[in-house]
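A.B. asks: Model the structure of this input:
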Amino acid sequence: MKQLQFIKMALSIAFAMTLIITAPLYTLAQTSGFSISPIVRRGEPSPDRGHFFNCDDCEGRINGAHAFNNKGEMGLAADTEGKCYDALFFFSPDGSSVLADSCSETPFGKLGYGWVNVNEQRQAVFLGLPLVNDRFVATLFLYTSGQLRKLVAEGDLTPAGGIFKGCGFSEPSINDKGEVAFGACADKDLIGENDGVYIYSEGQIRKVAIYGDPSPIGGFLALNFIPAITPILNNNSEVLFHGGVIIEPNIPEKYGLFLATKDGVKKIIVDGDPLTDGNIVFPRSLGIGDLNDKSEVVFTVKVQGKADTGIYLNANGRISKIMAQGDVTPIGGTFATLEDPDLIERFLFIRPRINANSAVAFQAKVIDGSSKQGIFLASPKAMLKVVAVGDTIPTGETIREIDTFALNDNSEVAFFAYGRKGHELPLGVFKATPVTPAIKKLKLKRKSGVLELRVIGNSFITNDTTIEINGVALEAMSYPEEAREDGGTTRQLNSRDARLEQLLTPGQTVQVKVFNSLTNRRSDEKAFTRQ
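C.D. replies: Next comes the predicted model:
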């Protein structure tokens, strides 16, 4: 790709008028517990009168932690054969439109661009770089109903005094109220004095946390960092952010993840904290995380102990492991380290995602599995392959590389795929949708004097799916080894719940369903009568 390297910010784009392209239909392809369908494929017409990814060095990127919403809409940076070569696009099931391109004039001049995120109100926020006096000026823009509006730019006053200056802005995060959170460097009397995290809301910018604010673990926050780590904003206006803490002079600075709430800043995790699997957060580890509306935080950190890296969930102050380097995967083999040598910063990991259903999506490499790399959906008790290298897309082409991805609250995952390694031959952007479980047969057995209900069917999730009788969820669930499938699914569920004698009265017909809590999918009911 010639220009779409958003980390380097070496791009030029501009605002363009919206042009809708009708999305073609394709037959779905299925992999594991998900069905795969295209959002946009190589060669499809683009709104800039070109074709997506239809050039030798074309690329694309889902340029945001929350770039994919529950309506299936998403923000995407992509190369085309159009007049401007590359652009930011807004995709929906109805088609696509241009947010900004690389050669058109705007009221703000010609722009460079970076990250883009969307909310449920069809708004998109992105990092832009207007060219002013031969100098790129970092600026955050909001796109609403075809209109582009500047939110904040380098040189603007901060709410704590001084001006935004020095290192631009982080990836912006937007909630459904149209509020935008961002990290920024600022300049007042001392370098770093007002560096921190801010929120734009209803035309005003307010401070979330800045350098020198009291820390919830003592000392003060040391937020004098180049803001490469995205603050994450939820619909309760809470903000997750990374920061340092200085407890006392001459004592090494700690790093951690913190949550700004209406009741103040709370600790999520800091260096040296013990984890539930026997590991300890590695000193000065640069954790990276995501946040949902339940105030649950999923994060990736470097650890010391049994593993070198892992992903963990903080739910109501309780830490649970999602995965760690060396753990067995649902496609066989074990997870490799989450440290990525291709990333600019050594301790910068691929961010996990968490949705409203508490499901966590992450991308990882695998050692000695049926695939070398994949995206997985997980909870502390279960894990399911979403898509992996070697899977096929609806056209029959094989995925050779999986790039960026995003998760929505429907447990759908959007991902960018290539047909060759090394970002060559882009296949396009695809959506992985959880398959709804289905019951085929029900059997009732008595083993050692105890009733056992067996459910046979498709797309059950090992260690996750439960059986429901007339809406009552059964306990004492088991998932027979012989029925388990590659990817984390199983064909059979068993329950020896002590309540079966009362729930299954002889001669009475009941309705049985199964529920996949990880994907929030429930089967159709199936009638059963105990003889």
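A.B. asks: Give the burial count for T398, as a bare number.
C.D. replies: Using other CB atoms under 10 Å, T398 has 13 other residues around it. Glycine gets a C-beta too; all of them are placed from N, C-alpha and C.
A.B. asks: Roughly how far does it sit from L427?
C.D. replies: 9 Å (CB to CB, to the nearest Å).
A.B. asks: With T334 instead?
C.D. replies: 28 Å.
A.B. asks: neighbour-wise, which of the two wins?
C.D. replies: L427 (22 against 14).
A.B. asks: how about the nearest residue to that one, chain neighbours excluded?
C.D. replies: A417 (4.5 Å; CB to CB, 6 or more residues apart in numbering).
A.B. asks: same check, this time on S478
C.D. replies: N494 (4.6 Å).
A.B. asks: and if you look at I311?
C.D. replies: I322 is the one closest to I311 (CB to CB, 6+ apart), at 4.3 Å.
A.B. asks: can you pull the contacts of that neighbour?
C.D. replies: V298, G310, I311, Y312, L313, P352, V360, F362, A378, S379, P380, M383 (CB atoms under 8 Å, 6 or more residues apart in numbering).
A.B. asks: Quick check: the farthest pair among those residues?
C.D. replies: G310 and S379 (14.9 Å; CB to CB).
A.B. asks: Between those two, point out the one with more neighbours.
C.D. replies: G310 (26 against 19).
A.B. asks: For the more buried one, which non-adjacent residue is closest in space?
C.D. replies: A324 (3.5 Å).
A.B. asks: Just give the number of residues close to that neighbour.
C.D. replies: Neighbourhood size, A324 [other CB under 10 Å]: 23.
A.B. asks: Equivalent analysis for L504, please.
C.D. replies: 18.
A.B. asks: tell me the contacts of the nearest residue to it once chain neighbours are set aside?
C.D. replies: Nearest residue to L504 in three dimensions, chain neighbours excluded: R530, at 4.5 Å (CB to CB, 6+ apart). Applying CB under 8 Å, 6+ apart to R530 gives the contacts L444, L504, T505, P506, G507, Q508.
A.B. asks: residue closest to the middle of the protein?
C.D. replies: Residue closest to the average C-alpha location in the chain (CA atoms, centre = their mean): R353, at 3.2 Å.
A.B. asks: Please report the distance of it from A67.
C.D. replies: 10 Å.
A.B. asks: Give me the below-cutoff pLDDT ranges for the stretch 301-450 of the chain.
C.D. replies: Along the stretch 301-450 of the chain, the model assigns pLDDT under 70 to residues 341-348.
A.B. asks: Kindly export stretch 507-522 (C-alpha atoms) in PDB.
C.D. replies: Extracted in PDB, the C-alpha atoms of stretch 507-522 (Å, rounded to 0.1, in the frame of the first residue of the first chain):
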ATOM      1  CA  GLY A 507     -46.600 -38.500  29.900                       C
ATOM      2  CA  GLN A 508     -46.200 -34.800  30.000                       C
ATOM      3  CA  THR A 509     -44.800 -32.900  27.000                       C
ATOM      4  CA  VAL A 510     -42.200 -30.300  27.600                       C
ATOM      5  CA  GLN A 511     -40.300 -27.800  25.400                       C
ATOM      6  CA  VAL A 512     -36.500 -28.200  25.200                       C
ATOM      7  CA  LYS A 513     -34.100 -25.600  24.000                       C
ATOM      8  CA  VAL A 514     -30.300 -25.100  24.200                       C
ATOM      9  CA  PHE A 515     -28.600 -21.800  24.800                       C
ATOM     10  CA  ASN A 516     -25.100 -20.700  23.800                       C
ATOM     11  CA  SER A 517     -24.300 -18.000  26.300                       C
ATOM     12  CA  LEU A 518     -21.000 -17.100  24.600                       C
ATOM     13  CA  THR A 519     -22.700 -16.000  21.400                       C
ATOM     14  CA  ASN A 520     -26.100 -15.300  23.000                       C
ATOM     15  CA  ARG A 521     -27.900 -17.700  20.600                       C
ATOM     16  CA  ARG A 522     -30.800 -19.900  21.600                       C
END
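A.B. asks: Any regions of the stretch 101-250 of the chain where pLDDT drops low?
C.D. replies: For the stretch 101-250 of the chain (pLDDT under 70), the answer is 188-193, 224-229.
A.B. asks: Tell me how many other residues surround S320.
C.D. replies: S320 - counted by other CB under 10 Å - has 15 other residues nearby.
A.B. asks: ok so, going back, run a quick neighbour tally on the residue nearest to L427.
C.D. replies: 27.
A.B. asks: Test my guess that it contacts T404.
C.D. replies: No: the criterion here is CB atoms under 8 Å, and A417 misses it with T404 at 10.1 Å.
A.B. asks: Bridge partners for the residue nearest to the centre of the chain, pull those for me.
C.D. replies: A361 (DSSP bridges).
A.B. asks: residues contacting it?
C.D. replies: The contact partners of R353, taken as CB under 8 Å, 6+ apart, are A65, H66, D290, V298, V360, A361, F362, F405, A406, L407.
A.B. asks: and for T398 and L427, which residues touch both?
C.D. replies: G419.
A.B. asks: What are the boundaries of the strands in the stretch 101-250 of the chain?
C.D. replies: 111-118, 124-132, 135-136, 139-144, 147-153, 163-169, 173-174, 180-187, 196-201, 204-210, 220-222, 232-233, 239-246 (DSSP state E, counting those that start in this stretch).
A.B. asks: other SSEs contacting the first one?
C.D. replies: In other words, strand 111-118. In terms of contacts (3 or more CB pairs under 8 Å, 6 or more residues apart in numbering; DSSP states H and E), strand 111-118 is packed against strand 74-79, strand 86-92, strand 95-101, strand 124-132, strand 173-174.
A.B. asks: hang on, the earlier thing: for G471, see how far away the residue nearest to G310 is.
C.D. replies: Per CB to CB, A324 is found 36 Å from G471.
A.B. asks: what does T300 give?
C.D. replies: T300 is 38 Å from G471, by CB to CB.
A.B. asks: for N458, same thing?
C.D. replies: Counting by CB to CB, the gap from N458 to G471 is 22 Å.
A.B. asks: higher neighbour count, those two?
C.D. replies: Ranked by neighbour count (other CB under 10 Å), N458 and G471 place N458 first, with 16 against 9.
A.B. asks: Next one, pLDDT for the more buried one please.
C.D. replies: You'll see N458 listed with a pLDDT of 95.
A.B. asks: Specify the beta-bridge partners of it.
C.D. replies: Bridge pairing for N458 - DSSP bridges - gives A438.
A.B. asks: Also A100?
C.D. replies: Beta-bridge partners, per DSSP bridges, of A100: L88.
A.B. asks: is it true that it touches L142?
C.D. replies: No: the pair A100 / L142 is not scored as a contact, 11.8 Å apart, by CB under 8 Å.
A.B. asks: Which strand residues bridge F141?
C.D. replies: F126, K150.
A.B. asks: no no, R420
C.D. replies: In this structure, R420 bridges to E424 when assessed by DSSP bridges.
A.B. asks: E401 is in contact with that one, correct?
C.D. replies: Yes: the pair R420 / E401 is scored as a contact, 7.1 Å apart, by CB under 8 Å.
A.B. asks: Compare the two and say which one has the larger neighbour count.
C.D. replies: The neighbour comparison of R420 against E401 (other CB under 10 Å) goes to E401, with 18 against 12.
A.B. asks: any idea how far R122 lies from K365?
C.D. replies: 35 Å.
A.B. asks: who's more crowded, these two?
C.D. replies: K365 (18 against 15).
A.B. asks: give the contact list for the more buried one.
C.D. replies: F335, A336, T337, K372, Q373.
A.B. asks: Give me the nearest residue to the second one, chain neighbours excluded.
C.D. replies: In space, and not counting its chain neighbours, A336 is closest to K365: 4.0 Å by CB to CB, 6+ apart.
A.B. asks: And the contacts of R530, which is closest to R454?
C.D. replies: Nearest to R454 among the contacts of R530, counting by CB to CB, is L444 at 7.6 Å.
A.B. asks: how does this structure divide up, domain by domain?
C.D. replies: The record's domain parsing of the chain by automatic domain parsing lists 1-119+396-435, 154-270, 283-388, 438-529.
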